[in-house]
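Peer 1: predicted model and sequence follow; I will ask about them next.
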Amino acid sequence: MKAEYINPFLESARNVIEQMVQIRPSTGQLAIKDIQLIDHYVWIEIGMSGQMSGNIVFGLSESVALKMISAMMGGFVITEIDEMGKSAISELGNMISGNASTLLYNQGVQVDITPPRVLHADIARDLKTGKALAVPLIMDGIGEMEIQVLIA
């Protein structure tokens with residue numbers, strides 16, 4: 001796995017989150033880690049195929065997801081992740097991945113992405129696990145969202 005695979009996703013995530021949530025996230029430490037299912041977490045999984053294949057997974061705690069959804073909906077307080085909330089958080093992952101695939105294309109790497117799947121620990125047993133490049137994005141006042149890239 002090459003660390004540069006995650007850079008377009010980091011750049012895209014910072015830009016999209018800044019546009020949607022009005023917070024410029026900072027980047028934590030890059031690590032290679034095992035993907036683990038954690039209770040009270042939400043994952044947005046997007047598949048990639050083409051010159052780079054695998055999955056991109058955005059992981060965030062339910063409390064962070066609620067804050068992100070609330071910010072995306074103009075500050076309206078959200079207390080549970082209902083269908084509208086799933087749609088909003090799914091679209092965030094879709095926008096990040098779509099922008100990242102454009103950045104990759106501009107670097108000469110053609111990648112197609114699948115529609116996002118929003119998963120919780122209780123139903124995420126089919127989430128592909130293994131080693132991933134992982135970087136947390138730290139958002140002041142909201143929390144962290146981890147970007148995990150699993151390249152086949």
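Peer 2: That came in fine, so what should we check first?

Peer 1: from the centroid of the protein, which residue is nearest?
Peer 2: The chain has Phe58 as the residue nearest its centroid, 2.6 Å off, counting by C-alpha atoms, centre = their mean.

Peer 1: now for the helix or strand harbouring it, which elements pack on it?
Peer 2: Using DSSP states H and E, Phe58 maps to strand 54-61. Contacts defined by 3 or more C-beta pairs under 8 Å, 6 or more residues apart in numbering; DSSP states H and E place strand 54-61 against strand 41-50, helix 83-106, strand 143-151. Bear in mind the C-beta positions are built from the backbone N, C-alpha and C, glycine included.

Peer 1: nearest to Thr114, out of those?
Peer 2: The closest of the helices and strands packed on strand 54-61 to Thr114 is strand 41-50. By C-beta to C-beta, the value is 3.8 Å.

Peer 1: just give me how far the closest one sits from the chain centre.
Peer 2: Per C-alpha atoms, centre = their mean, to the nearest Å, the displacement of strand 41-50 from the mean C-alpha position of its chain is 7 Å.
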